[in-house]
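**Student:** I would like to see how this sequence folds:
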Amino acid sequence: VQLVESGGGLVQAGESLRLSCTASGYTHALGWFRQAPGKDREFVAAISWRDENKYYADSMKDRVTLSFDFTKRTAYLQMNEVKPADTATYYCAAMPYRAVVAATTGGFLHIDDWGQGTLVTVTS
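**Tutor:** Residues are numbered from 1 along each chain as shown. Sure thing, here's the model as predicted:
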């Protein structure tokens, strides 16, 4: 599955941002991860393709919302009240079921298909 992200850029703290991820084919779930400079990649959220179940990292669930447009094969990550600590490259991933389970229980399972990433920079 090929994935293309968009929507990153420069935003001011307190503003909102929407990232998009378009998939070339079916996957169990589309997920978002982010990686800040010098830090490990961390799970943000995921949405399952068939039933649109949504999964959020505890640290993000109060400020992010996922949605999915089946006709466009596109998942959207809405981030509200962004903070400078949200500055990172955001990656979309095609997540098998077991990868979703791992990510939502604090673990990580190898994922084959990633997007190229989109940089989000939040200024104070």
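
**Student:** tell me which residue is most central in this protein.
**Tutor:** The residue lying closest to the centre of the chain (C-alpha atoms, centre = their mean) is Trp32, at 1.9 Å.

**Student:** check contacts around that one.
**Tutor:** 19, 21, 43-46, 66, 75, 77, 90-93 (C-beta atoms under 8 Å, 6 or more residues apart in numbering). C-beta coordinates here come from the backbone N, C-alpha and C atoms, glycine included.

**Student:** from the residues you listed, pick the one nearest Thr123.
**Tutor:** Distance ranking of the contacts of Trp32 against Thr123, using C-beta to C-beta, places Tyr90 first at 16.5 Å.

**Student:** tell me where the chain has helices.
**Tutor:** For the chain, the helices defined by DSSP state H cover 97-104.

**Student:** name the residues that touch the lowest-mean-pLDDT helix or strand in it?
**Tutor:** Among the helices and strands of the chain, helix 97-104 carries the lowest confidence by mean pLDDT, DSSP states H and E, at a mean of 92. Applying C-beta under 8 Å, 6+ apart, the set of residues contacting helix 97-104 from outside is 28-29, 31, 43, 46, 48, 55, 93, 95, 108-111.

**Student:** ok so, going back, excluding chain neighbours, what is closest to the residue nearest to the centre of the chain?
**Tutor:** In this structure, Trp32 finds its nearest non-sequential neighbour in Val44, 4.2 Å apart by C-beta to C-beta, 6 or more residues apart in numbering.

**Student:** thought the one you found was touching Val64?
**Tutor:** Yes: Val44 lies in contact with Val64 (C-beta atoms under 8 Å); the separation is 6.6 Å.

**Student:** circling back to that earlier point, tell me how far the residue nearest to the centre of the chain lies from Ser124.
**Tutor:** Relative to Ser124, Trp32 is positioned 23 Å away (criterion: C-beta to C-beta, to the nearest Å).

**Student:** for Gln12, same thing?
**Tutor:** Shown here: Gln12 relative to Ser124, a distance of 8 Å by C-beta to C-beta.

**Student:** between Val44 and Val64, who's got more neighbours?
**Tutor:** Between Val44 and Val64, counted using other C-beta atoms under 10 Å, Val44 has the larger neighbour count: 25 against 21.

**Student:** if anything else comes up later, I'll come back, but that's it for now.
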